[in-house]
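# Test case, fold it:
(chains A and B)
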Amino acid sequence: MSARLKALLLVLPLIVFLGLFFLWPLWMMIATAVQGGTVRLAFPQTATAIASWDGAGPPPASLQAALVRDLRTDTPQERFGDAVRTLNSQQAGFRTLLPRTARAVREAGEADAFDLVALDPRWSEQGYWLALKRSMPAYTDANLLAAVDLKRNDEARIEPVEPDFAVNRAIMLRTFVIAGQVTLLCGAIGLPFAMLAASVTGWKRNALLIAVLLPLWTSLLVRTAAWLILLQDTGLINQTLRALGLIETPLSLIYNRTGVLIAMTHVLLPLMVLPIYASLIAIPRNLMPAAAALGAAPLQAFRYVLLPLAMPGLLSGSLLVFMVALGYYITPALTGGAGDQMISSVIAFYATGTANWGMAGALGLFLLVPTTVLYILYGRLSRTPLVQT
Amino acid sequence: MSSVSRPGGAAFNAVRLAFAALAVAFLLLPLVAILPLAFTDSVFLVYPISGPSLRWFGALAESQAWTRAIVNSLIIGSGATVVATVVGTLAALGLRRELLPFSGLLRSVFLLPMVVPAVVLGVGMQILYARMGLASSYLGVIIAHAVLCVPFVLVNVASALASIDPALERAAASLGASPVKVFRGVTLPLAMPGILTGAVFAFATSLDEVVITLFVAGPNQTTLARQMFSSLRENISPAIAAAAFIIMILTFALLLAVKGASLLQGLRKKQRVQPSEA
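Take a look at the predicted model:
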């Protein structure tokens, strides 16, 4: 067996595994986001059958049979209702016709030949079937548009949704703002911290590094819970400030933006410190003394020697922190208020709260694309690996 | 940055020391602050602790929801660790010599689960599982966790493999060992610390995972982290600190065991090498 074939066989299980359970789900999420609407979801077999009907002649028996099969399957009540509403807006009458037909089909049992027209003569009218066909486009941009607060009006022109429903853009903007703020805070603490760690030796350096690694190895949930406890009104921070006489009434540090920023900065700080540190210890140790010997003041040496050399690390760290922060869900959900939720929480709401996978997928796409772009950028720019061990 | 003394050096050093102290406090305070609260006898998660007590661990042990969550976490964590370690280690071995076209691309794709927002993957998995009939099953949760764990195994095993001197394997082969023997006698033992570290990180990742679990697990598969997440949203009781204590101890114990073992191995190797050097 050639070495190459052996290598392929070794890698193959992971390719199959991630293909099946990582890339395929992502693909399905994107597909769900652009697949034609609620009616299609409620009547999947009809959707397939109706695609091959040209809409001119009478609906073929196979199409009628597909609709019967769809009505027999146990569609969630909510989804069925959504579909009926959409259809009724296309063709008045579906509101009574569909529930009635569904009831009759279920009562008739498994006998395959069910005569729709005999049950209700409306099923012989072309208009109903055409409306069904119109409501089942293969692809739609409705979810993608809705994700950025747009919709198509009756003339199929794109227009903004009513201001009362336009919330997604604001939440996306907020997501980027929070991720940016956290990145800035991490940089402001992380850069001097990494410089400090690189400038000392022995136990001092080890202590500083362990202080960064310990949180990294600690459960995210535990760290978030810890901040919840520390920042609450009766928490250690407020107690200490009160005991020192600095404040009278407790500061509200939690369930608002302050809490989110503190907790997220703490969680992501190691991802900033480690790349900067890695780029700093690669610098020859005698550079700064050399700069000093050549007459550079400490600040000058810092500005023109150390900072440029720390830049690649700072850039990698910033990209990493920003990229990871964009997708945060747990920490804002626990430490933030209603006005601090990020895009992930909206996605989770659509997926688990209302089972509207089309919307969840569309919003997910708006999160997946920037993250992937940042990852590619990170791969291009950075030589520090993604995981530190 | 050097020990060269200069005017204002003392003030500069004071600032550095203050900054270091504050930053270290910021990093470590949360970890240190939550642990003692697991042993409070109060019903509130506040300092000062009025008296030491194990009542909250007792509360966890008595609550069916918590014990079940702990058992689930162990089942799902072990399952995910085994799956991720096996496929991850195999892939790291396959990628080792960069024999395949697009090795670099493959590696980047294999690390993607760490980068893709958990919520996004969660939505996709929920849709996929609904169709495959894996929703609310142990197998489904184990697979989903394993996907997130694979990158950690891959990175650790790859770095262990990279540090193996190829001369050792060539020497074994030239002495007549079959490829299988070389692998079992030389490569595998040398890569073992990396594999174990990867496995520990995989287990820790599964133990801490909440988001994907929210999407794919049913009420029967509630994990410790998931249970902790919902309790944090409902009411903050010291039971949470006790659960956090369990998570932290489990993670650190495993990490210490692995790091300690590889450290010991390194020491023993040194002892073995020294006589021949003398």
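# Which single residue in chain A comes nearest to chain B?
Closest approach between chain A and chain B, counting by CB to the nearest CB: residue A:327, at 2.6 Å. Every C-beta, even on glycine, is put in place using the N, C-alpha and C of the backbone.
# And the pLDDT for that residue?
The per-residue pLDDT reported for residue A:327 equals 95.
# Please name the nearest non-neighbouring residue to residue B:199.
Distances taken as CB to CB, 6 or more residues apart in numbering or on different chains put residue B:85 closest to residue B:199, at 4.7 Å, once the chain neighbours are dropped.
# Go through the host helix or strand of the one you found and flag the buried ones.
Here residue B:85 sits within helix B:64-95, counting by DSSP states H and E. For helix B:64-95, the neighbour count (16 or more other CB atoms under 10 Å in any protein chain shown) marks B:66, B:68-70, B:72-74, B:76-77, B:79-95 as buried.
# what packs against that helix?
Contact partners of helix B:64-95 among helices and strands, from 3 or more CB pairs under 8 Å, 6 or more residues apart in numbering or on different chains; DSSP states H and E: helix A:3-18, helix B:55-62, helix B:103-111, helix B:138-162, helix B:188-208, helix B:224-234, helix B:238-277.
# repeat that for 10 Å
Applying 3 or more CB pairs under 10 Å, 6 or more residues apart in numbering or on different chains; DSSP states H and E, we find helix B:64-95 packed against helix A:3-18, helix B:55-62, helix B:103-111, helix B:138-162, helix B:188-208, helix B:211-216, helix B:224-234, helix B:238-277.
# and those as JSON lines, adding distance to residue A:336?
Conversion of those to JSON lines gives the following (distance: least, CB to CB, whole Å):
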{"stretch": "helix A:3-18", "distance to residue A:336": "32"}
{"stretch": "helix B:55-62", "distance to residue A:336": "26"}
{"stretch": "helix B:103-111", "distance to residue A:336": "29"}
{"stretch": "helix B:138-162", "distance to residue A:336": "24"}
{"stretch": "helix B:188-208", "distance to residue A:336": "20"}
{"stretch": "helix B:211-216", "distance to residue A:336": "16"}
{"stretch": "helix B:224-234", "distance to residue A:336": "12"}
{"stretch": "helix B:238-277", "distance to residue A:336": "18"}
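# What pLDDT is listed against the most centrally placed residue in chain B?
The centroid of chain B falls nearest to residue B:201 when counting by CA atoms, centre = their mean (2.3 Å). Per-residue pLDDT puts residue B:201 at 93.
# Quick one: residues contacting the nearest residue to it once chain neighbours are set aside.
Leaving aside its sequence neighbours, residue B:201 sits nearest to residue B:152 (CB to CB, 6+ apart; 3.9 Å). Taking CB atoms under 10 Å, 6 or more residues apart in numbering or on different chains, we find residue B:152 in contact with A:387, A:389, B:81, B:84-85, B:88, B:111, B:113-114, B:197-205.
# go with 7 Å
By CB atoms under 7 Å, 6 or more residues apart in numbering or on different chains, the contact set of residue B:152 is A:387, B:198, B:201-202, B:205.
# Would you tell me what the next helix or strand after the longest helix along chain A is?
Among all segments of chain A classified by DSSP state H, the helix with the greatest residue count is helix A:168-199. Following helix A:168-199 in sequence order, the next helix or strand is helix A:202-217 (DSSP H and E).
# pLDDT wise, what is the closest residue to chain A within chain B at?
Proximity of chain B to chain A (CB to the nearest CB) peaks at residue B:117, 2.6 Å away. If you check residue B:117, the pLDDT there is 96.
# nearest spatial neighbour of it, skipping sequence neighbours?
Of all residues not flanking residue B:117 in the chain, residue A:327 sits nearest, at 2.6 Å (CB to CB, 6+ apart).
# neighbours around the one you found, how many?
Residue A:327 is flanked by 25 other residues according to other CB atoms under 10 Å in any protein chain shown.
# now swap in residue A:249 and tell me
Neighbour count for residue A:249, taken as other CB under 10 Å: 8.
# Which residues are in contact with it?
Going by CB under 7 Å, 6+ apart, residue A:249 touches no other residue.
# That one: helix or strand, and which one exactly?
Counting by DSSP H and E, no helix or strand carries residue A:249.
# where does it fall, phi/psi-wise?
phi -100, psi 150 (degrees, to the nearest 10).
# And for residue B:52?
When read as degrees, to the nearest 10, the backbone of residue B:52 gives phi -80, psi 150.
# isn't it right up against residue B:37?
No - Residue B:52 is beyond contact range of residue B:37, at 11.0 Å (criterion: CB atoms under 7 Å).
# More neighbours: these two, which one.
Using other CB under 10 Å as the criterion, residue B:52 and residue B:37 rank with residue B:37 on top: 24 against 10.
# how much space between the closest residue to that one other than its chain neighbours and residue A:121?
Closest residue to residue B:37 apart from its sequence neighbours, by CB to CB, 6+ apart: residue B:241 at 4.0 Å. To residue A:121, residue B:241 is 69 Å away according to CB to CB, to the nearest Å.
# Quick check on those two: which one has the bigger neighbour count.
Shown here are residue B:241 and residue A:121; by other CB under 10 Å, residue B:241 has more neighbours (24 against 9).
# Distance-wise, check the more buried one relative to residue B:47.
Relative to residue B:47, and taking CB to CB, residue B:241 is found at 11 Å.
# again, but for residue B:211
Counting by CB to CB - residue B:211 and residue B:47 are separated by 31 Å.
# And those two? Which one has more around it.
residue B:211 (23 against 18).
# Might you list the low-confidence residue ranges for chain A?
For chain A, residues meeting the criterion pLDDT under 70 lie at A:1, A:37, A:111-112, A:154, A:383-389.
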